[in-house]
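Undergrad: Any chance you can model this:
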Amino acid sequence: MREDGHTENGVTNTAARTGAVIGVLDRFPVLVLGLLLVGAFCASSAAPLAGLYVVEGLGQPPWKISMVAVVQVCVTLLVNRGFGRAIDRGFPVKILLITSILCFALGMFILGAIRNYWVYLCLVSILLGIGAGALSVMYSFGRLFAEQTGRDVVKFNGFLRIQTSLGWMVGPAASLSLYGAFGFAATYFTISGLAAVWFVVCLLIVPSAFKTHHPNSLKSGAKVPFNFGLLQACVPVFFIAAANVVFVSAMPLYFSAELGLVASSAGFALSVKCLVEVVVIYFCAKLIRKVGERKGMLISAVLGAIFFGLIHEAGTLVDVLVLAVLDGAYYGIFAGISMTFVQNFAKDQPGIATGYYVSTLFVGGLLGNLLTGVVASAYDFRTTVLMACLFAVIGAVILLISRDVNPDAKTAASSR
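TA: Down below sits the predicted model:
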């Protein structure tokens, strides 16, 4: 018996079980990718219903959508920060992921059972904010798994992002179709049921004792070192992510109301974009090996600025669909490189780095949605496309004047 009350045999057996599960996952890495795919499908199924539910389901004015979004994103930022630190301090990944999944499932169930705006704002938005933390945990799990099994981290990160893209290709369309046929309650109960499947998949796939293997990870109670490079890396990610959200938010009305295209044109354009995006992500590892992460991000930002400039002048459905290929190319490069780009500024703290990355995406998305409404109300949706172009240009300039991360550099040690 050891002094901490644990038997040596107990520790050995736990390590053996964890090693056995990792061995299975090493032979069948598709299981790790499948976990993320199921999670992305669940999360993306809920996303397009939020605004509809507040306005059509609860009869509230559109501005109240922003209140829910702000609460949810603020909670997600805090959760990503806390979960990232916990992962780097050696806390088991499975407990964090299960917590997020259960909160998401409960939030979906409450939305189906109780139609009340204040319940949504004060309770469900908090639960969904915690549930959104699952994304950064799954990305951290994927990165740690790739490192522990000797895989190409860049390539495996690309595979992880492909699962997210695939989930978003199917989830929103499925949930909106279900809502159109059966209403909000049935849709939310169905998503809650899907989250239960996600929970079971997590129980079966993620080893109970899986944790970080980095010797320089944070010790319990230790201060988090300040890493200026990590923060700096998140800035261009923020602008490129915000540019994408601004355009995607404005696109349906921009195409139909201002370009005079059929209502389905936005859906066709998104389908083309997502298809190209998945293909581009798959080949991003080769691009990184040739030019590096920063220059790859720079290429993405420049292509994005070109796309927004050209789509501003589009006039026909053919123009839109052809340019959707460029849209998928720039965003596919961004999606395939950005996570690795940020993580490389804190290689021994992947939990914190991934938390920063996902939080940056959420903040960029929130700001993009808010600015879309403001600018479109003051001017028009065509002007929002120019704003997206400006964001992409800012991201490109920041990347142009930035330096590549020193591959041998350790996380900055200056404490807060």
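
Undergrad: so who does Phe159 touch?
TA: Contact analysis of Phe159 by Cβ atoms under 8 Å, 6 or more residues apart in numbering lists Leu33. Where you see a C-beta, it was placed from the backbone N, CA and C, and this is true even at glycine.

Undergrad: run the last query once more with 10 Å
TA: 29-30, 32-33, 36, 142, 146, 151-152, 281-282, 285, 336 (Cβ atoms under 10 Å, 6 or more residues apart in numbering).

Undergrad: Of the residues you listed, which belong to helices?
TA: Secondary structure from DSSP state H places Val30, Val32, Leu33, Leu36, Gly142, Ala146, Ile281, Tyr282, Ala285, Gly336 of those in helices.

Undergrad: Weed out the non-buried ones from those residues.
TA: Val32, Leu33, Leu36, Gly142, Ala146, Ile281, Tyr282, Ala285, Gly336 (16 or more other Cβ atoms under 10 Å).

Undergrad: Redo those residues as a markdown table? Include pLDDT.
TA: Shown next, in a markdown table, are these (pLDDT from 0 to 100):
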| residue | pLDDT |
| --- | --- |
| Val32 | 93 |
| Leu33 | 94 |
| Leu36 | 94 |
| Gly142 | 92 |
| Ala146 | 91 |
| Ile281 | 91 |
| Tyr282 | 88 |
| Ala285 | 82 |
| Gly336 | 90 |
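
Undergrad: coming back round to it: which one of the ones in helices among the contacts of Phe159 sits closest to Cys234?
TA: Of all those, Cys234 sits closest to Gly336, with 17.2 Å by Cβ to Cβ.

Undergrad: what sits against the closest one?
TA: 154-155, 157-162, 165, 277-278, 280-285, 287-288, 296, 300.

Undergrad: go with 8 Å
TA: Applying Cβ under 8 Å, 6+ apart to Gly336 gives the contacts Asn157, Gly158, Arg161, Val280, Ile281, Tyr282, Phe283, Cys284, Ala285, Leu287.

Undergrad: Could you do Val197 as well?
TA: By Cβ under 8 Å, 6+ apart, the neighbours of Val197 are Val38.

Undergrad: Quick one, grab the pLDDT at it.
TA: In this model, Val197 is scored at 96, pLDDT.

Undergrad: Return the set of buried residues in stretch 324-333.
TA: Ala324, Leu326, Asp327, Gly328, Ala329, Tyr330, Tyr331, Gly332, Ile333.

Undergrad: Oops, could you answer that again for stretch 187-197 instead?
TA: Thr187, Tyr188, Phe189, Thr190, Ile191, Ser192, Leu194, Ala195, Ala196.

Undergrad: mind listing which of those residues are in helices?
TA: Reading helices off the buried residues of stretch 187-197 with DSSP H, I get Thr187, Tyr188, Phe189, Thr190, Ile191, Ser192, Leu194, Ala195, Ala196.

Undergrad: Once you drop chain neighbours, what's closest to Ile306?
TA: Leu326 (7.0 Å; Cβ to Cβ, 6 or more residues apart in numbering).

Undergrad: And Cys74, by the same measure?
TA: According to Cβ to Cβ, 6+ apart, the nearest residue to Cys74 is Gly129 (7.1 Å).

Undergrad: Give me the residues contacting whatever helix or strand that neighbour lives in.
TA: Assessed by DSSP states H and E, Gly129 sits inside helix 125-131. The contact list for helix 125-131 (Cβ under 8 Å, 6+ apart) reads 43, 46, 68, 71-76, 78-79, 99-101, 103-107, 110.

Undergrad: And stretch 93-101, by the same measure?
TA: Here stretch 93-101 has contacts from 39, 79, 83, 86-87, 130-134, 137-138, 140-141, 144, 195, 198-199, 202-203, 206-208, 210-211, using Cβ under 8 Å, 6+ apart.

Undergrad: mind checking how far the strand or helix carrying Pro236 is from the chain centre?
TA: Pro236 is part of helix 228-253, with elements assigned from DSSP H and E. Relative to the centre of its chain, helix 228-253 is centred 12 Å away, using Cα atoms, centre = their mean, to the nearest Å.

Undergrad: mind listing what's buried in it?
TA: For helix 228-253, by 16+ other Cβ under 10 Å, it's 229-230, 233-234, 236-253.

Undergrad: counting contacts, what elements does the strand or helix carrying Met297 pack onto?
TA: Element membership for Met297 (DSSP H and E) is helix 293-311. Where contact means 3 or more Cβ pairs under 8 Å, 6 or more residues apart in numbering; DSSP states H and E, helix 293-311 is packed against helix 228-253, helix 284-291, helix 317-343, helix 381-401.

Undergrad: For Ala173, which of these is the nearest?
TA: Of all the helices and strands packed on helix 293-311, helix 228-253 comes closest under Cβ to Cβ, at 13.6 Å.

Undergrad: quick one: average confidence on that closest one?
TA: On average, helix 228-253 scores 88.

Undergrad: is it true that Ala314 lies in a helix?
TA: No - looking at Ala314 with DSSP: H, G, I helix; E, B strand; the rest coil, it is coil, so not inside a helix.

Undergrad: list the contacts for the closest residue to it other than its chain neighbours?
TA: Leaving aside its sequence neighbours, Ala314 sits nearest to Val320 (Cβ to Cβ, 6+ apart; 5.5 Å). By Cβ under 8 Å, 6+ apart, Val320 lies in contact with Phe255, Leu259, Leu261, Ser265, Phe268, Ala269, Ile311, Ala314.
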